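Enquirer: here are the coordinates; sequence isn't available:
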């Protein structure tokens, strides 16, 4: 690593967009967003950033969060054709150090930095307790991570929780999951709680009810649900929020998330008020004798525009401090 004053590239790469920012003087500065489909690899997108908003700077390190598991410093994006390879990026951009991490790990490191204006609460609950905090959410896929406190300090647990089995809580949901299983064999959380999942859920509801519905994208389903002019779209979004609440409750119990459960990802930002009025919180707490335990755990949507940069900046400062001490 280089000195604390050395600028760094921060990048948050998803299945659809790649967001870049420059960390200079300890502050997150110029930023830009590029469509993943417009560039052959993250190297080309980074070059566009360095020739544009970051022109005139000479960063020697990079911290890159991307959607997928990290294997030997590489992430092959789960929902896009890019491979984020720390070695290649270091060589081709002439950097001294490149760290690649899962996008939800970056969100996990960001959780302590979130301010009141960066979140919208879901349901009535007390203030966050001192303990594990989790972040989960639907986007191009479904991510899940947790920030835990231990004797040696903080650590972020990275998971592939989006590939766990989707829970059902009533006969209507049983029937819909059966319809999904006929198409998918294993119905994971990500198969429903994601952008593509919204579309699959929409068509599964139609099949269960014997209806013919027009083809719609996830954004079109949300728009029609909010407008109230399509009953299948409306139920799709209602069930999406209910499944999200059940999943969040399972996560809170599994990880002992007394510090709160936070919804990240890009999808929920398009219907925050709908989500707040939905069955999300009711389903979050609907865990039998553990309802009282869950009632004390806060839930919220992250509305900060670039929360991953908060986590990446924290890690960059931490690494620089460790190097200089």
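Expert: Cool, the structure landed. Source: prediction; values computed, not measured.
Enquirer: how about the one helix or strand residue 34 maps to: buried residues?
Expert: Under the criterion DSSP states H and E, the helix or strand holding residue 34 is strand 27-35. For strand 27-35, a neighbour-count test (16 or more other Cβ atoms under 10 Å) marks 28, 31, 34 as buried. C-beta: built from backbone N, CA, C; applies to glycine.
Enquirer: any weak-confidence spans in the stretch 201-325 of the chain?
Expert: Within the stretch 201-325 of the chain, the stretches falling below the threshold (pLDDT under 70) are 320-325.
Enquirer: show me where it has strands.
Expert: Taking DSSP state E, counting those that start in this stretch as the test, the strands found in the stretch 201-325 of the chain are 260-263, 299-302.
Enquirer: of those, flag the one that's most buried.
Expert: Highest mean neighbour count among the strands of the stretch 201-325 of the chain (mean count of other Cβ atoms under 10 Å): strand 260-263, with a mean of 26.
Enquirer: list of residues touching it?
Expert: Taking Cβ atoms under 8 Å, 6 or more residues apart in numbering as the criterion, the residues outside strand 260-263 that touch it are 107, 111, 114, 119, 122, 128-129, 133-137, 244, 248, 251-252, 275, 284, 297-302.
Enquirer: for the protein, what's the longest helix?
Expert: If each helix of the chain is counted by residues according to DSSP state H, the longest one is helix 231-255.
Enquirer: quick revisit: need the buried residues of strand 27-35 in a markdown table with pLDDT and distance to residue 258, can you?
Expert: Supplementary listing: the buried residues of strand 27-35 in a markdown table, determined by pLDDT from 0 to 100; distance: Cβ to Cβ, whole Å:
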| residue | pLDDT | distance to residue 258 |
| --- | --- | --- |
| 28 | 89 | 30 |
| 31 | 92 | 34 |
| 34 | 95 | 38 |
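Enquirer: got a list of what residue 248 touches?
Expert: Counting by Cβ under 8 Å, 6+ apart, residue 248 touches 136, 261, 263, 280, 284, 299.
Enquirer: do I have it right that the fourth one meets residue 242?
Expert: Going back to what we said before, that points to residue 280. Yes. Contact status for residue 280 versus residue 242: in contact at 7.0 Å, counting by Cβ atoms under 8 Å.
Enquirer: ok, the two, which is more surrounded?
Expert: Looking at residue 280 and residue 242 with other Cβ atoms under 10 Å, you find the greater number of neighbours at residue 280, namely 27 against 21.
Enquirer: what's the spacing between that one and residue 85?
Expert: The gap separating residue 280 from residue 85 is 38 Å, by Cβ to Cβ, to the nearest Å.
Enquirer: same question, residue 209
Expert: 46 Å.
Enquirer: then residue 139?
Expert: Using Cβ to Cβ, which is the criterion applied here, residue 139 is 22 Å from residue 85.
Enquirer: and the two? which has more neighbours close in?
Expert: Taking residue 139 and residue 85 together and counting by other Cβ under 10 Å, residue 139 has the greater number of neighbours (25 against 21).
Enquirer: if we can go back for a sec, from the contacts of strand 260-263, keep the buried residues only.
Expert: Neighbour-count burial within the contacts of strand 260-263 applies to 107, 111, 114, 119, 122, 128, 133-137, 244, 248, 251-252, 275, 284, 297-302; the criterion is 16+ other Cβ under 10 Å.
Enquirer: no more questions from me, cheers.
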